[in-house]
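Colleague: Can you look at this prediction? I've put the sequence above it.
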Amino acid sequence: MTQIFYTNYKLESRDSLIQKAKSRNAIIADCRHTPYSQFYSLWNKNVLEEYFKENYIHIKEFGNQNFGTHKEFNIVDVKKGIEIVEELLKTKSIILLCACSEFDKCHLKEIVKNLEIHFDEVEISEL
């Protein structure tokens, strides 16, 4: 059975994340609007693609266009992001990844709410 997990890279080491992904047959789905870190270059998209290979995807549709502002979340395209997740779930579980250290203040919370509505038969939980 495929599942959806969520986490942030400030709580995980890359080695820990790859082990968790492998043990769950999961792909890392980067949900950041811009998949680069000014402070943690190990978490930049090009590095993640090299490290995780086919087990990494950037779902730009789940990005928060208002990241770095004090405005409300503005997810790029939730519907399209859900379509991507739906396709991925046919073969793998998914680990949604963001940088925010507080889930209650992260756009992932909004994404998870939408996923819970759409996927009522899929278990969704924090990693």
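Modeller: Cool, got the structure. Numbering: from 1, shown residues only.

Colleague: how much space between Arg32 and Thr91?
Modeller: 23 Å (C-beta to C-beta, to the nearest Å). From N, CA and C alone the C-beta is placed, and that goes for glycine too.

Colleague: Name every strand pairing with the helix or strand Ile95 falls within and say which way it goes.
Modeller: Using DSSP states H and E, Ile95 falls within strand 93-98. Next to strand 93-98 in the sheet, as set by DSSP bridges, lie strand 3-8 (parallel), strand 26-30 (parallel).

Colleague: closest one to Ser101 among these?
Modeller: Closest approach to Ser101 among those (C-beta to C-beta): strand 3-8, 5.9 Å.

Colleague: what mean pLDDT does that closest one have?
Modeller: Here strand 3-8 scores 94 as its mean pLDDT.

Colleague: Could you do stretch 104-119 as well?
Modeller: In the prediction, stretch 104-119 has an average pLDDT of 94.

Colleague: what's the answer for stretch 53-65, then?
Modeller: 96.

Colleague: contacting residues around it?
Modeller: 18, 21-22, 26-35, 45, 48-49, 73-78, 80-81, 84-85, 88, 96, 107, 111 (C-beta atoms under 8 Å, 6 or more residues apart in numbering).

Colleague: Apart from its neighbours in sequence, what residue is nearest Phe67?
Modeller: His33 (5.0 Å; C-beta to C-beta, 6 or more residues apart in numbering).

Colleague: need the contact list for the one you found.
Modeller: Per C-beta under 8 Å, 6+ apart, neighbours of His33: Lys60, Gly63, Asn64, Gln65, Phe67, Val76.

Colleague: measure the fifth one to Ala26 for me?
Modeller: What that stands for is Phe67. Phe67 is 24 Å from Ala26, by C-beta to C-beta.

Colleague: out of the two, which sits in the more crowded spot?
Modeller: Ranked by neighbour count (other C-beta atoms under 10 Å), Phe67 and Ala26 place Ala26 first, with 22 against 17.

Colleague: Please name the bridge partners of that one.
Modeller: Residues in beta-bridge contact with Ala26 (DSSP bridges): Ser93.
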